[in-house]
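1. fold the stuff below for me.
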Amino acid sequence: MPVPDAAVFERLRSFAAVDTTQEHADRAITEVFTGRSLGAVPVGTAADVAAAVTKARAAQAEWAARTPKQRAEVLDRYRALVVENREFLMDIVQAETGKARWAAQEEIMGLMFAARYFSRVAPQLLAPHKAAGAFPVLNRASVRAVPKGVVGVIAPWNYPMLLSVGDSIPALLAGNAVVVKPDSQTPYSSLANAELFLRAGLPRDLFAVVPGPGTVVGTAIVDSCDYLMFTGSSATGRTLAEQCGRRLIGFSAELGGKNPMIVTRGADLDKAAKAAVRACFSNAGQLCISIERMYVERAVVDQFTEKFVAAVKAAKLGAAYDFSTDIGSLISESQLETVTKHVADAVSKGAKVLAGGNARPDLGPLFYEPTVLADVTDAMECGRNETFGPLVSIYPVDSVQEAIARANDTEYGLNASVWAASKAEGERIAEQLHAGTVNVDEGYAPAWGTTGAPMGGMGISGVGRRHGPDGLLKFTEPQSIVVTRFLNLDAPAFIPQDKWQPFLMTIARSIRFLPGR
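-> Next up is the predicted model:
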C-alpha cells in the first residue's frame with residue numbers, strides 16, 4: 001500500500017502561509033489508514049493571518065486589473081495540472097482522510113468541473129452590462145461586477161481538496177484573493193493545490209493557506225476578510241454567520257444534512273439498491289449530501305431491503321491506494337465514537353441491525369462497517385440527528401405522500417434522492433421536497449457535478465449557493481454607473497419649476513410604455 005514519502009510532505013509544508021522566521025509549533029499529520037506519521041505542518045497564528053491578508057490585498061489589486069479572460073487562462077492551466085497530477089492528488093486525499101480511491105477521485109473531478117465551468121462563463125458573467133436608465137436618452141446605465149477583495153474560506157476535512165480549492169476557483173476568477181484555513185487534520189490537500197496554482201501562474205500571495213485551529217486562524221480570517229465561505233456543521237455556521245453579521249460582510253455556507261431517499265413501487269429496485277450503497281456510504285458516510293434516511297413504499301420495502309442489504313454486505317471495506325475497495329475509513333476517533341454511540345443507542349431502544357454494526361480494528365484503527373438499521377424512531381439519537389458516518393435507516397411508508405411528508409419533516413434541507421416508476425413521477429416527487437438539490441434515479445453525484453446549476457441548502461442546511469452563476473457572482477459587488485447626458489434634473493433657466501415638474505411627471509408616466517420597463 002504505497003503512500004507519498006516524507007520528502008513530498010516536507011515540500012508541501014513550504015507552501016503554508018506562515019512566517020518561517022518566527023518559531024511555530026508543529027502539528028503532526030497522520031495517515032488515517034494506519035496511524036503512521038506523514039509529516040508536520042506549522043500551526044498558524046493570528047499574526048500569520050494578518051500578514052497573509054495584507055499580502056493578499058496587494059496581490060489582489062493587480063489580479064483584479066486583469067480581464068476575466070486573462071484570469072480564466074490561469075485557471076485553465078491549473079485544471080490541466082490537476083488532470084496531469086490526479087494520481088498524486090488522490091494519494092494525498094486518501095492519506096489524509098482514509099476514503100476509498102473512487103471517493104478521492106470525486107474530488108479531482110469536482111476541481112476539474114469547477115475550473116472548466118467557471119473559466120468558461122466568467123468572461124460573460126463578469127462583463128459590464130447595460131441597464132435601462134431612469135430617463136431614456138438622458139441617462140445611460142451600466143452594471144459592473146466588482147470583486148469583494150479578500151475572500152476567506154474555512155474548509156472541512158471530509159472533502160478537503162474540493163471544499164477548499166473548489167470554492168476558491170470562482171472567487172479567484174471573480175478577481176479576488178483567497179485566504180484558506182484548511183481543517184487541522186487535512187492541510188496537505190490545500191497545500192498541494194497551492195503548489196499547482198503557483199505552477200499555473202497564479203501570483204503566490206493571491207492564494208494563501210494558513211493551517212491552524214479555528215479558534216485562532218478561523219477567527220482571524222473572519223475578522224479580516226471581505227467575504228466568508230464556510231462548509232461544516234449547522235451549529236458552527238450559525239456562529240460564523242453572527243460574526244459576519246456584526247461586520248456586515250457577506251457569508252455563504254453549506255451546512256449539515258439528514259438527507260432522505262424515496263423509493264416507490266415500480267422503481268427499478270436493483271438499480272436503486274446498488275446506487276444507494278454509493279449514496280449512503282461515499283467517504284464512509286462522511287458527506288453532507290449523503291443519504292441517511294430511506295422511505296420505501298410498503299409494497300416493495302421487503303424486496304428493496306433484501307437487495308440493498310445484500311449490496312451493502314458485498315461492498316468491500318478496506319485500505320488501498322487503488323480502486324480495489326468500495327468503502328474506506330472514518331477520519332478520527334471522534335467520528336468513530338459518534339457512529340458507535342448512535343448505533344448502540346438505537347439498538348438499546350429497539351432498532352434492528354440489518355447489516356454492519358461493528359468497528360473493524362482488524363482493517364485499521366478507524367474502520368466501521370457500513371450499517372443498515374430498521375425500526376428506528378425519533379427517540380433514538382440517529383432518528384433526527386445527522387450521524388455523518390456509515391449509518392442509514394430504512395422506514396416503510398404506506399404512500400408516496402407519506403414518504404414526502406416524512407422526508408420533509410426535518411430542519412435540514414440539503415439533498416434528496418428519488419427512485420420512482422418513471423422519470424416524470426420522480427420529477428413530480430422531487431418538486432415537493434424541501435431540499436436544495438434532488439437527484440432522480442441517483443444519490444447525490446449528478447446534482448453536485450452539475451456545476452452550471454446552483455447547489456446549496458434550505459433550512460439549517462445552508463446560506464447562499466455554490467455552482468451556477470450565483471456561485472461566481474456572490475464573490476462580487478454589483479456596481480451601477482449611471483451617466484446623465486444633455487440635461488440633468490434641474491429645470492432649465494427658461495422653464496419655471498411649476499412647468500418643469502409636471503413635465504417630468506409626464507415623462508415618468510410614459511416610461512412604462514417603453515421596452516424593458
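
2. list the contacts of whichever helix or strand residue 424 is part of.
-> For residue 424, the host element (DSSP states H and E) is helix 423-430. Helix 423-430 has contacts (C-beta atoms under 8 Å, 6 or more residues apart in numbering) with 262, 264, 266, 400, 403-404, 416, 418-420, 438, 440-441. All C-beta atoms are positioned from the backbone trio N, CA, C, and that covers glycine.

3. list just the nearest of those residues to residue 201.
-> Nearest to residue 201 among those: residue 438, at 39.0 Å, using C-beta to C-beta.

4. show me the contacts for the nearest residue to residue 301 once chain neighbours are set aside.
-> In this structure, residue 301 finds its nearest non-sequential neighbour in residue 396, 4.2 Å apart by C-beta to C-beta, 6 or more residues apart in numbering. Under the criterion of C-beta under 8 Å, 6+ apart, the contact list for residue 396 reads 296-298, 301.

5. would you list the buried entries among those residues?
-> Buried by 16 or more other C-beta atoms under 10 Å: 296-297, 301, out of the contacts of residue 396.

6. coming back round to it: now name the helix or strand holding the residue nearest to residue 301.
-> According to DSSP H and E, residue 396 maps onto strand 391-397.

7. contact partners of the very next helix or strand once past that strand?
-> Downstream of strand 391-397, the next assigned helix or strand under DSSP H and E is helix 400-408. For helix 400-408, the surrounding residues in contact (C-beta under 8 Å, 6+ apart) are 260, 262, 264, 293, 295-297, 395, 397, 416, 420, 429, 432-434.

8. what do you get for stretch 210-223?
-> 16-18, 27, 41-46, 48-50, 52-53, 152, 154, 179-182, 184, 187, 228, 236, 240, 243-244, 247.

9. distance between the ends of it?
-> In stretch 210-223, first residue to last residue: 15 Å (C-alpha to C-alpha, to the nearest Å).

10. show me what the mean pLDDT comes to for it.
-> Taken as a whole, stretch 210-223 carries a mean pLDDT of 97.

11. what does stretch 403-423 give?
-> The average pLDDT for stretch 403-423 rounds to 98.

12. where do the strands sit along the stretch 51-200 of the chain?
-> Remark: strands assigned in the stretch 51-200 of the chain by DSSP state E, counting those that start in this stretch are 129-131, 139-147, 150-154, 177-181.

13. and those strands as JSON lines, adding mean pLDDT, mean neighbour count and distance to residue 410?
-> Shown next, in JSON lines, are the strands of the stretch 51-200 of the chain (pLDDT from 0 to 100; neighbours: other C-beta atoms under 10 Å; distance: least, C-beta to C-beta, whole Å):
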{"stretch": "strand 129-131", "mean pLDDT": "93", "mean neighbour count": "12", "distance to residue 410": "40"}
{"stretch": "strand 139-147", "mean pLDDT": "95", "mean neighbour count": "16", "distance to residue 410": "36"}
{"stretch": "strand 150-154", "mean pLDDT": "98", "mean neighbour count": "28", "distance to residue 410": "25"}
{"stretch": "strand 177-181", "mean pLDDT": "98", "mean neighbour count": "29", "distance to residue 410": "29"}
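
14. can you list the buried residues in stretch 302-315?
-> Neighbour counts using 16+ other C-beta under 10 Å place 304-305, 307-309, 311-312, 315 of stretch 302-315 among the buried residues.

15. residues in contact with that stretch?
-> Contacts for stretch 302-315 (C-beta under 8 Å, 6+ apart): 263, 269-270, 272-274, 276-277, 281, 294, 296, 326-327, 354-356, 370, 372, 374, 394.

16. kindly recompute the last result at 10 Å.
-> Contact with stretch 302-315 is made by 100, 263, 265, 267, 269-278, 280-281, 294, 296-297, 300, 325-327, 354-356, 369-372, 374, 390, 392, 394, 396, 419, as judged by C-beta atoms under 10 Å, 6 or more residues apart in numbering.

17. list the contacts of residue 317.
-> Residue 317 is in contact with 100, 281, 284, 325-329, 356, 360, 363-364, 367-370, 390, counting by C-beta under 10 Å, 6+ apart.

18. if any of those residues are buried, give me the ChimeraX selection for them.
-> This is how ChimeraX selects the buried members of the contacts of residue 317, with burial counted by 16+ other C-beta under 10 Å:
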select :100,281,284,325,326,327,328,329,356,363,364,367,368,369,370,390
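
19. leaving out chain neighbours, which residue sits closest to the spatially most central residue of the chain?
-> With distances taken as C-alpha atoms, centre = their mean, the residue of the chain nearest its centroid is residue 163 (5.1 Å). Leaving aside its sequence neighbours, residue 163 sits nearest to residue 231 (C-beta to C-beta, 6+ apart; 4.6 Å).

20. so the one you found versus residue 259, what's the distance?
-> Residue 231 is 15 Å from residue 259, where distance means C-beta to C-beta, to the nearest Å.

21. and for residue 455?
-> Separation of residue 455 from residue 259 (C-beta to C-beta) stands at 13 Å.

22. do the same with residue 504
-> The gap separating residue 504 from residue 259 is 56 Å, by C-beta to C-beta.

23. tell me which of those two has more neighbours.
-> Of the pair residue 504 and residue 259, residue 259 is the one with more neighbours under other C-beta atoms under 10 Å, namely 32 against 12.

24. dump the strands of the stretch 51-200 of the chain to JSON lines, plus distance to residue 465.
-> As requested, these are exported to JSON lines (distance: least, C-beta to C-beta, whole Å):
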{"stretch": "strand 129-131", "distance to residue 465": "21"}
{"stretch": "strand 139-147", "distance to residue 465": "16"}
{"stretch": "strand 150-154", "distance to residue 465": "15"}
{"stretch": "strand 177-181", "distance to residue 465": "18"}
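
25. of all those, which one is nearest residue 85?
-> Using C-beta to C-beta, the strands of the stretch 51-200 of the chain put strand 177-181 closest to residue 85, at 18.8 Å.

26. that closest one: how far from the chain's middle?
-> Its chain's average C-alpha position is 15 Å from that of strand 177-181, according to C-alpha atoms, centre = their mean, to the nearest Å.

27. so what secondary structure elements neighbour that strand?
-> Contacts defined by 3 or more C-beta pairs under 10 Å, 6 or more residues apart in numbering; DSSP states H and E place strand 177-181 against helix 46-65, strand 150-154, helix 162-173, helix 187-200, strand 207-209, helix 219-224, strand 227-231.

28. go again using 8 Å as the cut-off
-> Applying 3 or more C-beta pairs under 8 Å, 6 or more residues apart in numbering; DSSP states H and E, one finds that strand 177-181 contacts helix 46-65, strand 150-154, helix 162-173, strand 207-209.

29. can you put the ones you listed in TSV and add distance to residue 199?
-> Listed next are the helices and strands packed on strand 177-181 as TSV, based on distance: least, C-beta to C-beta, whole Å:
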stretch	distance to residue 199
helix 46-65	17
strand 150-154	20
helix 162-173	14
strand 207-209	12
